[in-house]
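> Generate coordinates for the sequence data below:
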Amino acid sequence: MLVGSYTKILSVGTGLILGGMITVADGYASYWNHLDGWARFVALLIGLGIAIFVIYRRLVATRGAPP
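Numbering: from 1, shown residues only. Below is the predicted model of the structure:
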């Protein structure tokens, strides 16, 4: 997801971000029952932080791009 947020080619960056999100969601779904409560909380905070960072980077990159 982070590599996709820095990629200049919009379609490739979007694909990398979407692939990363699907991979993270699959990882959470597969091992959610095996995590302790604090690990679930930390994992969700990290995932939310990365998602917010990627969305922010995409919005800033889109605004600065010529039409």
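> For the strand or helix carrying Ile22, give me every contacting residue.
Element membership of Ile22, judged by DSSP states H and E, is helix 10-31. Outside helix 10-31, the residues that touch it by CB atoms under 8 Å, 6 or more residues apart in numbering are Met1, Leu2, Val3, Gly4, Ser5, Tyr6, Thr7, Ala43, Gly47, Ala51, Val54, Arg58. Every residue, glycine included, has its C-beta placed from N, CA and C.
> and the longest helix for the chain?
Secondary structure of the chain per DSSP state H: the longest helix is helix 37-64.
> So what's the residue count around Ala43?
16 (other CB atoms under 10 Å).
> next one: Tyr6
As a burial measure, Tyr6 scores 11 neighbours (other CB under 10 Å).
> Tell me how far it lies from Arg57.
Using CB to CB, to the nearest Å, Tyr6 is found at 7 Å from Arg57.
> Could you do Gly27 as well?
22 Å.
> More neighbours: these two, which one.
Neighbour tally, Gly27 and Arg57, criterion other CB under 10 Å: the higher count belongs to Arg57, 17 against 12.
> so what's the more buried one up against?
Ser5, Tyr6.
> separation between it and Thr7?
With CB to CB as the criterion, Arg57 and Thr7 are 10 Å apart.
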